[in-house]
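Colleague: with the input below, show me the fold.
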Amino acid sequence: MKRDYLVPISLFLVGLLILTSGWGTYFLLDKDSMKLLAPVEEILVSIENNNWKEVNQHLNIINQIWEEVSVYWPMLIHHQEMDRIEESLNKLKSYLLHQDKNQAMAELYNLIYFIKHIPQKEAFNIQNVF
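Modeller: Got it, this is the predicted structure:
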């Protein structure tokens with residue numbers, strides 16, 4: 001009698017584990033991406049105000065946050081997504097170093113898209129299942 005319930009209960013527990021780990025991953029990525037987006041948006045404002053000293057401060061904050069999340073994000077997302085963000089950050093650093101306002105703004109919008117794309121891509125919804 002007990003063995004009749006063993007398989008359904010095991011399948012239920014495995015399914016529950018998969019769902020909770022998926023939601024946990026999504027919320028972690030969403031929280032981290034929001035943490036990254038805050039200083040990126042501050043850079044946008046600082047560039048518009050031609051405040052390059054403040055831009056560098058926010059860039060340092062982004063680098064610190066990126067160093068923290070880049071430790072465990074490779075376990076959660078595809079490496080190509082990480083490469084896109086790192087490439088965008090490197091371009092952005094170069095543009096900011098040379099105070100190239102137009103290129104920096106364009107790269108900031110790319111970076112914002114890449115960062116926002118991470119949790120959207122990992123979200124548990126119909127589009128991502130099929």
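Colleague: every contact and neighbour count from this point should use C-alpha atoms.
Modeller: Noted.
Colleague: helix or strand with the lowest mean pLDDT in the chain?
Modeller: Least confident element among the helices and strands of the chain, by mean pLDDT, DSSP states H and E: helix 126-129 (a mean of 54).
Colleague: now do the helices in this structure.
Modeller: Ranges of helices in the chain, per DSSP state H, are 2-48, 52-69, 73-76, 79-97, 101-122, 126-129.
Colleague: give me the angle between the fifth one and helix 79-97.
Modeller: Okay, so that is helix 101-122. Following axes from the mean of the first three to the mean of the last three CA atoms, to 10 degrees, one obtains 160 degrees for the angle between helix 101-122 and helix 79-97.
Colleague: how far is helix 101-122 from where the chain is centred?
Modeller: Chain-centre distance of helix 101-122: 10 Å, with CA atoms, centre = their mean, to the nearest Å.
Colleague: quick check: buried residues in it?
Modeller: Neighbour-count burial for helix 101-122 flags 101, 104-105, 107-108, 110-112, 114-116, 118-119, 122 (criterion: 16 or more other CA atoms under 10 Å).
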